[in-house]
Every structure is written in structure tokens, then in C-alpha cells.
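Undergrad: take this sequence and fold it.
(chains A and B)
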Amino acid sequence: MFGTQSRGDITTHDFNPMMMQYYRPSIHTRRANIVVKFQDLYGFNVEGNVDDVNILNEVREKVRQQGRVWWALEASKGANWYLQPQTPSLSEGISAASRKLSALANTIALKRLIRKGIPPILRPKVWLSVSGAAKKRSTVPESYYNDLIKAVEGMVTPASKQIDHDLPRTFPGHPWLDTPEGHASLRRVLVAYSFRDSDVGYCQGLNYVAALLLLVMKTEEEAFWMLAVLLENVLVSDCYTDNLSGCHVEQRVFKDLLAKKCPRIAAHLEAMEFDVSLVATEWFLCLFSKSLPSETTMRVWDVLFNEGAKVMFHVALAIFKMKEDEILMAHQVGDVLSILQRTTHHLYDPEDLLTVAFDKIGSLTINTITKQRKKQEPAVMAELDQRLRRLNSLKMDDSSPNSSPKQ
Amino acid sequence: MATMGNNNLNAKLVLLGDMGAGKSSLVLRFVKGQFLEFQESTIGAAFFSQTLAVNDATVKFEIWDTAGQERYHSLAPMYYRGAAAAIIVYDITSTESFTRAKKWVQELQKQGNPNMVMAFAGNKADLEEKRKVTTEEARLYAEENGLFFMETSAKTASNVNDIFYEIARRLPRAQPQNPAGMVLVDRPADRSQSAACCS
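TA: Predicted coordinates for the structure are as follows:
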């Protein structure tokens, strides 16, 4: 069945974060440090030790507390105060000025509040608003998404084949994503997007991003618009197109920032010939969804949608920063990688990460990052171009097998 | 690059091949002895390490399992740079994946480390009834290109450990002994003398 299906029924059981039962470690698991399997806030089956379970239970409690903060503010500031203010009216005078002032105060309050986390139940509404997705959606007819999925239904393209291949390989085992219904929903979003932007088509990595969006947003259509605003407005352009040039640019910017913000780590890794892109490429393409626990990923996305792509750098730098001492002790590429892997997989408490990301890393302005990107773009283009020419010369050799390889 | 100290060898190994050919499955079978019908798609690359005992030495493989989608091609040099070995994987039920595998071989021959040990793996050998690439065709190609060839199945585990052992056996051992604590690095400057004669 095609259509914008409400997934409200799903969010009311299985993995509704507010309804999740506490996992109570038995006396036996407390006695021994055994690996326990449990479901996290978004229904993912994860393995961890008893400490991880305890942290996750604390996080659940904090999520509830944060919810109460939002409800209290709604009571004092009015419902939906956090949605983007409408364009100020043209009427002049004190009232317009004071409205502007109160809008500004709200923006500042909201920024602080979002860094502390959006309650899962409010995420769809707040994300749509602060990211600009709602605005983007409002520029096209309401039936846009439904028309699009109907128009492309049954069409087979290289992108749709690759999407089909990846559906069962996207968070396999998840109680909703890995069901026929979940696969069908993910497929519609990804195929629809591949038609909306044929330069992107389908890029592996988007499957994970879209899957998490489906878990958070209320409808498939909302997930689609969040994906659109991410690729078209939030992230650097060409992150997922053809040769991933945008992603290459971000990696170079990240290396420069690491040298500036964490010079000891950068120097140590360089001496080991450890290229940080080895690990950071996946972070940037999957927006941490494959590395961090789900609620931590969502907390990163809360800030990402409100403050923009600079958040990716804050968080990536923070992961290195948190393990500075351990990394400086490591002398093998493999050891650094396992430190980072272990760290990201166990970051069940989002505060641990976000405190470092925003308090210890210091400020990064959008301007700085834009300048850095401009600086790196020509080098990336030259490198990709050179590579393309080399590959083309391989093809020429291929067509005349007797010709001697060029010196 | 393979580096040696006492009788222990560290070797960087990269897996390349079309998406869905079974690169991650081969690694998972080798490293953990497991097989998943639906293996998560790899983004960028995933890292694993595994140590093998070969004769009187041990080989520690540092394995880079790369993403297969064509557009990820532009990231590949970062992973195969300095690799001592590569496994180029195709799916015996897909001629497209065989074509892609041949392109990888060409690229490594041109861009990779000249002493790289290259293995050519025809994976999913358990799916005989769906076979599109004959064993003979692949064997011939591998022989012409100086690769060693095996058909593997990550599902049944057939030839999976064997291919890694065979790579370990073929890794060049006759490297100059490193002074203690130093790591051999393949810097362009080291080759400047020999390079100077080519113009």
C-alpha cells in the first residue's frame, strides 16, 4: 500500500522512549560483569555491560526530566513557542520592536534548550521547524510527496536496485526497520529522493540516515523532507553526489580543525601516518548513526538541525578530545582505531559527548568553516580530477592490451 | 606495508570489490567465524585485525574492509596506500561484479605497492545454480595477471581461512632487518635514485 503512512501506531509501543520498561539487571548479572543484551531508547538491540545498562536508565530519566522542562516552558511561553517565528509584521512601533526582541530571546533560549536535548515526542515538530524543512515543504503543493511516490512506483533504476539491495542491510534486526513494513517505508523515501535529486540518486549511508529519520518523525513524508533539507541546506553541498567531493572537502577541513583545536593529537597521529579520514568519513556520511548509540545520535542531530553542519566538526573533534590521553599512548593505527570504536559505541550518555563538543572544543563559527571549505575546494577538485584522468588512462590501456604501460 | 620485528609481521590488507560481493562477510567469517545473511552495508571502510600463525612466525593482519558502491571509489587510495596485500572480491553470480573486480586489479597494478600480494576471490561459491562467472574464466584472468585465485563462500566458510593463510605465506619476508624500534616507511625519497634514471 502506498501513501504517507502514519507511524503513530508504532511509536506507541515497542520503542516509545517514554514507555520503555526499565531493564533491571538481575543479581547474577550484577555479580559478574557479563555482557547483557538490551533494547535502547529507539528499539535497537545492543550489547553492553551492567554499567551501560545503568547509564541508559539514567539517560531515560534525564529524558523525562528534560520533557518536564519543555512542558513548563510551554506553559509559561505559550504552546509552540519554539517554532520558527513568522515573518514580523510590517506594522511599526514599539510592538514590532518588542516582538523582535522577544523572538530573539526565544531563539537564544531555544538554542540552549536544544543543546540540552529535545524530548523525543517533540522532535518531529521541532526538527521540521528549526531545520527549515517545514518551510521547504510549504513551497510545494501539499500532495508533492504522495505524487512523487506514485509517479515513481514500479520504476527500476540503478539507484532503486541499489536501494533494494541495502534495505535488509540497514540496521538488520531492528524491531520495526527490519520488517516488510519498515523496508517498504525506507524504500519509498530513498527512491523518492533519488528522483528528486538525480545528482545524488542513491548514496550508501543515506539508508542509515533515512532509517533513523523514519524512527523519529511521525510520518514518512516528514522523514522525506528532513532528508531533503539535510542534503540541500544543512550539510555541505555534494556530500553524497558522484565522487563525494563535498565529503572530501569536509575531511580536509576536519584535519585542519583537529590541528588547531587538538594540536597534540594531530601531531601524534601524523607521526604515525594515521589519516583521520580513515575513521571520520563514516561519521560524516552517516551523521554518526552507525557509531553512536541511538539517543546520543539523536542528541547530536537535535543540535545539527538547529545550528548547522558545524556541529559535525564539534562532535568529531570531541570524540578525539575525550580520549586524548589514551590516543597519545597508542603507537599503532589499529590501537587508535579500537580506542575510537570502543569510545563511540559506549557513549550512552549524550551529556558526556556534548559537554566536550561545545564547552571544551570552543567556538567554531559558520564563517570559519565556510572559509576553510573555500580554501580546500580547489585542492579536492584537482585531486579528484587527477584521479579521474589516471583511471581513464587505465581504460585506454585496457582497450589496447598490447600497448606497453606508460612510464 | 608489511613490517617485521622478531618473527612477527604486521601487514595491512585491503578488500576491494563491488557492493554486495561479500567483502564484509569474508572478513566477518575470517575474524569471528560468523556469517550473517544480511550484513550491514559498509560506509567508508571498517577496520579489523586478526593474527595468524604461519610456520614459525605470526602475521598480524590489519584489515580494511571498504565500501563497494562506485562513488566510494574516490576514497579507496586512502585504504590501499601502503597495503601489503589485497583481496579483490567478486560475486560468482554477477558478471558486473567480475568486471568491477578486473578494474580494481588494474588500478592496484598501477597505483598500489608494487610488491603487493593480490588475491582474487570469487565469492558466493555456494550459489552454484546461479553462477554467471565460470571458474575457468576467472582462473585464466588471475594467471595472466599474476594473482592467486580461489573461489570462496563466506556462508559455508569454504576457502575463507585458506585465502588469508595463503596471503600470509606469500608476504615477502626477505625485508632488510629493521633497526630496533624503527618502522620501515615507503617514502618516495627512498626511491629517488632509481627514479632519476627514468625520464
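Undergrad: tell me which strands and helices the helix or strand hosting A:Asp385 is in contact with?
TA: In this structure, A:Asp385 sits in helix A:366-399 according to DSSP states H and E. Judged by 3 or more Cβ pairs under 8 Å, 6 or more residues apart in numbering or on different chains; DSSP states H and E, the packing partners of helix A:366-399 are helix A:245-261, helix A:310-322, helix B:95-111. Every C-beta, even on glycine, is put in place using the N, C-alpha and C of the backbone.
Undergrad: give me the contact list for stretch A:174-183.
TA: A:10, A:14-15, A:39, A:43-45, A:167-168, A:170-172, A:186, A:211, A:214-215 (Cβ atoms under 8 Å, 6 or more residues apart in numbering or on different chains).
Undergrad: contacts with chain B among those residues, please.
TA: Taking Cβ under 8 Å from any Cβ of the partner chain as the test, chain B is in contact with A:168, A:170-172 out of these.
Undergrad: which residues of the stretch 201-350 of chain A lie near chain B?
TA: Residues of the stretch 201-350 of chain A lying near chain B by Cβ under 8 Å from any Cβ: A:203-205, A:207-208, A:240-245, A:248, A:273, A:275, A:277-279, A:281-282, A:285-286, A:290, A:332-334, A:337, A:341.
Undergrad: next up, phi/psi of A:Pro124, please.
TA: phi -50, psi -50 (degrees, to the nearest 10).
Undergrad: before we move on, the earlier item: now, among the ones next to chain B among the contacts of stretch A:174-183, which is nearest to B:Arg169?
TA: Nearest to B:Arg169 among these, counting by Cβ to Cβ, is A:Pro172 at 35.0 Å.
Undergrad: now that closest one, what's its secondary structure?
TA: Of the three states, A:Pro172 takes coil under DSSP: H, G, I helix; E, B strand; the rest coil.
Undergrad: in contact with it, which residues?
TA: A:178, B:36, B:38-40.
Undergrad: burial check on the residue lying closest to A:Asp164 once chain neighbours are set aside, number of neighbours?
TA: Among residues not flanking A:Asp164 along the chain, A:Arg187 sits closest, at 7.0 Å (Cβ to Cβ, 6 or more residues apart in numbering or on different chains). Neighbour count of A:Arg187, defined by other Cβ atoms under 10 Å in any protein chain shown: 18.
Undergrad: just the helices in chain B please.
TA: B:23-32, B:76-80, B:95-111, B:135-144, B:160-170, B:192-195 (DSSP state H).
Undergrad: do the same with the stretch 201-350 of chain A
TA: Here the stretch 201-350 of chain A has its helices, by DSSP state H, counting those that start in this stretch, at A:206-216, A:220-229, A:245-261, A:263-271, A:277-286, A:294-307, A:310-322, A:324-329, A:333-345, A:350-355.
Undergrad: determine which of these approaches A:Gln65 most closely.
TA: That would be, of the helices of the stretch 201-350 of chain A and by Cβ to Cβ, helix A:350-355, which comes in at 12.0 Å.
Undergrad: ok, residues contacting that closest one?
TA: Contacts for helix A:350-355 (Cβ under 8 Å, 6+ apart): A:59, A:62, A:115, A:117, A:292, A:295-296, A:299-300, A:303, A:315, A:318-319, A:322, A:347.
Undergrad: could you count how many residues lie near B:Arg173?
TA: 13.
Undergrad: touching, it and B:Asn7? I think so.
TA: No: using Cβ atoms under 8 Å, B:Arg173 is not in contact with B:Asn7; the gap is 9.6 Å.
Undergrad: in chain B, what residue comes closest to chain A?
TA: Nearest residue of chain B to chain A: B:Gly44, at 3.7 Å (Cβ to the nearest Cβ).
Undergrad: per-residue confidence at A:Ile34?
TA: A:Ile34 is assigned 80 on the pLDDT scale.
Undergrad: ditto for B:Asp186
TA: So B:Asp186 comes in at 41 (pLDDT).
Undergrad: what does A:Asp51 give?
TA: At A:Asp51, pLDDT is 87.
Undergrad: low-confidence ranges in chain B?
TA: B:1-6, B:174-199 (pLDDT under 70).
Undergrad: on that earlier part again, of the contacts of A:Pro172, just the buried ones, PyMOL syntax please.
TA: Listed next is the PyMOL selection for buried residues among these, using 16 or more other Cβ atoms under 10 Å in any protein chain shown:
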select buried, (chain A and resi 178) or (chain B and resi 39+40)
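Undergrad: residues contacting A:Lys125?
TA: A:80, A:83.
Undergrad: hang on, A:Arg387 packs against B:Met78?
TA: No: here A:Arg387 does not reach B:Met78: they are 11.6 Å apart, not a contact under Cβ under 8 Å.
Undergrad: who touches both of those two?
TA: Joint contacts of A:Arg387 and B:Met78 (Cβ under 8 Å, 6+ apart) do not exist.
Undergrad: neighbours around the closest residue to B:Gly22 other than its chain neighbours, how many?
TA: Spatial nearest neighbour of B:Gly22, excluding adjacent residues (Cβ to Cβ, 6+ apart): B:Asn123 at 4.0 Å. Neighbourhood size, B:Asn123 [other Cβ under 10 Å]: 30.
Undergrad: again, but for A:Arg188
TA: With other Cβ under 10 Å as criterion, A:Arg188 counts 26.
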